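>>> what shape does this take:
(one chain, ligands or ions: 2)
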Amino acid sequence: MPDTLIDHHLSETMKADLAKCCLPRHQAWSLPPQFYTDEGLAKHEYNRIFRRQWLCLGRADQLPDEGDYICLDFAGQALILIRDKGGDIRAFANTCRHRGARLLNGSGRVAGIRCPFHSWAYKLDGSLAGAPDMDKASGFCKADFGLISYHVSTYLGFVFVCLAEDAPDFALAMVDFADIHAPWPMETLVSKRSRDFKVDCNWKTFIEVFNEYYHLPFVHPDSIDDVYHKPDAGNDVGGYFATQFGSTEGTGGLLQTTQQNPLPLMPGLTGREASGVRYTWLFPNLTFAIGVDAMWIYEAYPLASSRCLVRQTACFPPETITADNFDDKVQAYYHRLDAALDEDIPALVNQQAGLTQPDARQGRFQPELEPNVASFASWYADQMLRTN
Ligand code: FES
Ligand SMILES: [Fe+2]
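Residues are numbered from 1 along each chain as shown. Ligands and ions are numbered 1, 2, ... in the order given. As a prediction, the model looks like this:
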């Protein structure tokens, strides 16, 4: 695939600053502020990370039936995720092979993909099925003009896509992910409410704030701070993710003031996992919390260096969803997600305003309360510093 985004050359100072992010957690520095604000570096990031690595793009059950599709626009790319006739999820570039028109918008269900411009028609597997009057073009062969497709993998209910021609080994990215999350019935969780919104901050800060306990008493003093005990140390993992478990007072899925009416425990949860939340960041841009009764997910997609599209999804075990009083009880869970966000978003917009200052500097992490953020900074710096 041709690289259409111009690669950025990092200065020696920038490389030295990034190297400080790769130090052990107790010594590590945060990412240089320019990586949250500079459009040129954002393009470099798109090339180095979004066009090379496996990206987790949500849950497979969000495309339940044949022909269900969703369009995703981020990092200078336009993708279509669609479920084919055989039940597999496919990922295509949202561009016609005739003269490039965008093919689909939003989400929905189609029997095939028909270009709105000159009506070239593609099957759900991306092959070109019809091209009006193109038999007059000498040597034209439909088999040569299928949609540009990308690698797709589904794992424990999540959908992963890699835009690179040669995808890195998926197993290496996920080493020990399944083991660490084995206590929860992750694969069978069902996606319920999902909603999209835009935030005026860099996509990384959005995921960072979700992954750290440090801000809880200052940003969420009356909503969720009392729910969270001091967390365990962040896990040392081998894959492209960071994760940290912490015990809770009641459920992390509810506000401290609305704990009276919780949903049932997820099937099979015992021991410490039956009273806590695991916060996991699947690098680069999906994070989730999985607790005693629910999993809530945030995907943050870069639109520009200072703006991102966020998708929030709440998931529950099938046994919980089919219980009589689920629709009533779940409202308090949605309210908790929204109330915390209403407190986080102004903090993020404020952080972006400060990061944009020319004299903004790299900082240090609180190692017990921000280990996931430190792990991501290290991984990210490593990706940006790669010479191949
Ligand atoms: S651009 Fe799609 S059919 Fe012409
Ligand atoms: Fe928060």
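
>>> in stretch 131-140, what's buried?
Across stretch 131-140, burial judged by 16 or more other CB atoms under 10 Å covers residue 131. For glycine as for every other residue, the C-beta is placed from the backbone atoms N, C-alpha and C.

>>> does ligand 1 sit close to it?
No - shown here: stretch 131-140 not in contact with ligand 1 (CB under 6 Å from any ligand atom), separated by at least 7.3 Å.

>>> contacts for stretch 25-34, please.
Contact with stretch 25-34 is made by 14, 17-18, 20-23, 41, 204, 234, 355-357, 360-365, 367, 371, 373-375, 377-378, 380-381, as judged by CB atoms under 8 Å, 6 or more residues apart in numbering.

>>> which of those residues fall within helices?
The members of these that map onto helices under DSSP state H are 14, 17-18, 20-21, 41, 204, 355, 371, 373-375, 377-378, 380-381.

>>> and those, which is closest to residue 65?
Distances from residue 65 to the ones in helices among the contacts of stretch 25-34, taken as CB to CB, are shortest for residue 204 (34.1 Å).

>>> that closest one touches residue 36, doesn't it?
Yes - taking CB atoms under 8 Å as the definition, residue 204 is a contact partner of residue 36 at 6.4 Å.

>>> closest one of the ones in helices among the contacts of stretch 25-34 to ligand 1?
When these are ranked by distance to ligand 1 (CB to the nearest ligand atom), residue 41 comes first, at 33.3 Å.

>>> quick revisit: and which of the ones in helices among the contacts of stretch 25-34 is nearest to residue 137?
Of all the ones in helices among the contacts of stretch 25-34, residue 137 sits closest to residue 41, with 42.9 Å by CB to CB.

>>> I'd say that closest one and residue 305 touch.
Yes - in terms of CB under 8 Å, residue 41 counts as a neighbour of residue 305; the distance is 7.4 Å.

>>> who's more crowded, those two?
Set side by side, residue 41 and residue 305 show more neighbours around residue 305, with 24 against 19, by other CB atoms under 10 Å.

>>> give the contact list for residue 38.
residue 305.

>>> how near is it to ligand 1?
In this structure, residue 38 and ligand 1 are 34 Å apart, going by CB to the nearest ligand atom, to the nearest Å.

>>> what about the strands in the stretch 201-350 of the chain?
Remark: strands assigned in the stretch 201-350 of the chain by DSSP state E, counting those that start in this stretch are 241-247, 276-282, 286-290, 295-304, 307-316.

>>> those into a markdown table, with extra columns for distance to residue 154 and mean neighbour count?
Shown next, in a markdown table, are these (distance: least, CB to CB, whole Å; neighbours: other CB atoms under 10 Å):
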| stretch | distance to residue 154 | mean neighbour count |
| --- | --- | --- |
| strand 241-247 | 16 | 22 |
| strand 276-282 | 13 | 24 |
| strand 286-290 | 14 | 25 |
| strand 295-304 | 15 | 22 |
| strand 307-316 | 15 | 21 |
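
>>> would you turn these into JSON lines with distance to residue 208 and mean pLDDT?
Conversion of the strands of the stretch 201-350 of the chain to JSON lines gives the following (distance: least, CB to CB, whole Å; pLDDT from 0 to 100):
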{"stretch": "strand 241-247", "distance to residue 208": "11", "mean pLDDT": "98"}
{"stretch": "strand 276-282", "distance to residue 208": "9", "mean pLDDT": "98"}
{"stretch": "strand 286-290", "distance to residue 208": "9", "mean pLDDT": "98"}
{"stretch": "strand 295-304", "distance to residue 208": "10", "mean pLDDT": "98"}
{"stretch": "strand 307-316", "distance to residue 208": "12", "mean pLDDT": "98"}
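
>>> now render these as TSV, adding distance to ligand 1.
TSV is the format used below for the strands of the stretch 201-350 of the chain (distance: least, CB to the nearest ligand atom, whole Å):
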stretch	distance to ligand 1
strand 241-247	38
strand 276-282	34
strand 286-290	31
strand 295-304	25
strand 307-316	26
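
>>> turn these into CSV, columns for distance to residue 350.
Converted to CSV, the strands of the stretch 201-350 of the chain look like this (distance: least, CB to CB, whole Å):
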stretch, distance to residue 350
strand 241-247, 24
strand 276-282, 22
strand 286-290, 21
strand 295-304, 17
strand 307-316, 15
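
>>> now do the contacts for whichever residue of the stretch 151-300 of the chain sits closest to ligand 1.
Going by CB to the nearest ligand atom, ligand 1 is nearest to residue 163 of the stretch 151-300 of the chain, at 21.3 Å. If you count contacts by CB under 8 Å, 6+ apart, residue 163 has them with 1, 50-52, 55, 77, 150.
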